[in-house]
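Asker: sequence first, then the predicted structure:
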Amino acid sequence: MTAHAALLAGMLAPWMVTASAAAAHSVPLLAQAATPGAPAAAADPAPLALPPGTSPEMQAAAAGGPAVPAVPPAPPIIHMALLLPSRSGAFGAAADAVRAGFLTAYSRQKENIQLAIVETGDSAADMQRAYDEASAKYDILVGPLSRSAVTAVAQSGRVSKPTVALAQPDMNGEADLPLPPQMLAVGLSIDEEARQVANWVEKEKAPGKIFAISTGTAWQKRAARSFQLRARQLGMQVDTLELSTPANALSAPGLAQLARRVEQEKPALIFVALDAAQTVQLRNAVGNDMPLYGTSQINPYTLKRDNPNDKLPELDGVRLIDIPWQLQPDNVAVARYPRPTVNDNERPNADLARLYALGIDAYRVAYGIAQKQSGFDIDGVTGRLNVNMVSGGTTFFQRQETQAVYQDGWPVPLADQY
């Protein structure tokens, strides 16, 4: 299974709401015939002369009729663009998943939003050109999708509209790349997951050092490094160890050497920056008594579990974090949205399911910005989201994912969440 490598439907017709002012109406004068010998009847007073443009309710009041309730003005139309790579390109499957989730959320909450979907090229340069063109025409931009494209846009100096990036930018050394004031990155981040696991471990671990295990795969090395940096900030000692992967499996000699180190040094726990199959291998080598913690990548399942034999009992007791969409079918936010259809003979892809969920929450964040909320929280399908904005620019975004533990071969949310 590939890891957050992909983090990197059709069009819905735009709609508009228009309002027209009610036309003013005149009040006719009533003539009363005079009776011989009777005093002349007083004529009805002439209507007040009202200036042009007087509201209907003021006209009715001046004429002695009932007041017409004021109609609140329609909210202004917000023009939003979703920028995604072409379906035929390298990111086609990922773009399809995000697009489907985004349109699902849009179909349920589209008041005063006019949406356009803009297809772009795969390269960072193509994306930058598309972003610049869209920035001149739309009020809010959602995208890019790839890390390299987000990095290019963030460093371009041309972010002048609220921009909801769908991936995290590449790290600048050991620190995250600072984003322009109008930009926030809502992409699912293996680095942030690793930091959240470090926060979790700090609350409940036994004394002693920690091993952080990865292979040479880029996302795994990033996760191990992010875990180590955050753990050290919290006062924990972490050694990072990298295992080789001949024939796409963890090296048997490397696992044997790791087992010897575990026996000699007795670490408090192991952080596994690995996928599920690799974690099974590692656990077989070090034994079930060693506490293991990991990221969403040790959960290859979606909530569509049609095959009761499709389990990983070898991982029972292993702890991880993942998004509610993958763990909590009874979560109110999760139950609100339909799941993408999957062929009966096809196993759902967990990474594409996460990207579908990302599309849902990306629209909800963009919608909140469109309503000019200065700060808001969302009980999202990708976690608990917090957005804070200052002077029209988004300055802070945070996602807290769900803690879980393997039970009977499947990851189950923990009752107590840190």
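Answerer: Happy to help now that I have it.

Asker: I'd say residue 282 and residue 254 touch.
Answerer: No. Contact criterion Cβ atoms under 8 Å: residue 282 and residue 254 do not qualify, at 9.9 Å. The way it works is simple: take the backbone N, C-alpha and C, and place the C-beta from them, glycine included.

Asker: domains in the protein, by residue range?
Answerer: Domain assignment for the chain by automatic domain parsing gives 74-188+334-400, 192-322.

Asker: higher neighbour count, residue 282 and residue 254?
Answerer: Comparing residue 282 with residue 254 by other Cβ atoms under 10 Å, the one with more neighbours is residue 282, at 23 against 19.

Asker: OK, contacts around the more buried one?
Answerer: Each residue near residue 282 by Cβ atoms under 8 Å, 6 or more residues apart in numbering is listed here: 213, 250, 255, 258, 270, 272, 274, 292.

Asker: and if we set it to 10 Å?
Answerer: Taking Cβ atoms under 10 Å, 6 or more residues apart in numbering as the contact definition, residue 282 lies against 213, 243, 250, 254-255, 258-259, 270, 272, 274, 290, 292, 294, 318.

Asker: mind listing the helices for the chain?
Answerer: Applying DSSP state H to the chain gives helices spanning 56-62, 92-108, 124-135, 147-155, 190-204, 218-233, 252-265, 276-286, 324-327, 332-335, 350-370.

Asker: of these, which is nearest residue 183?
Answerer: helix 147-155 (6.2 Å; Cβ to Cβ).

Asker: give me the mean pLDDT for the closest one.
Answerer: For helix 147-155, mean pLDDT rounds to 93.

Asker: just want the angle from that helix to helix 124-135.
Answerer: 50 degrees (axes from the mean of the first three to the mean of the last three Cα atoms, to 10 degrees).

Asker: which residues do residue 282 and residue 254 both contact?
Answerer: 213, 243.

Asker: can you get me a residue count around residue 244?
Answerer: Neighbours around residue 244, by other Cβ under 10 Å: 11.

Asker: how about the contacts made by the nearest residue to it once chain neighbours are set aside?
Answerer: Leaving aside its sequence neighbours, residue 244 sits nearest to residue 251 (Cβ to Cβ, 6 or more residues apart in numbering; 4.4 Å). Contacts for residue 251 (Cβ under 10 Å, 6+ apart) come out as 215, 243, 244, 245, 257, 258, 281.

Asker: just the buried subset of the residues you listed, please.
Answerer: Using 16 or more other Cβ atoms under 10 Å as the burial test, the contacts of residue 251 include 215, 243, 245, 258, 281 as buried.

Asker: I figured the last one hits residue 250, correct?
Answerer: Pointing back at residue 281 there. Yes. Shown here, residue 281 and residue 250 form a contact pair, counting by Cβ atoms under 10 Å, at 4.7 Å.

Asker: common neighbours of the two, please.
Answerer: 243, 274.

Asker: sorry, back to before: nearest to residue 406, out of the domains of the chain?
Answerer: Comparing these by Cβ to Cβ, domain 192-322 comes nearest, at 4.3 Å.
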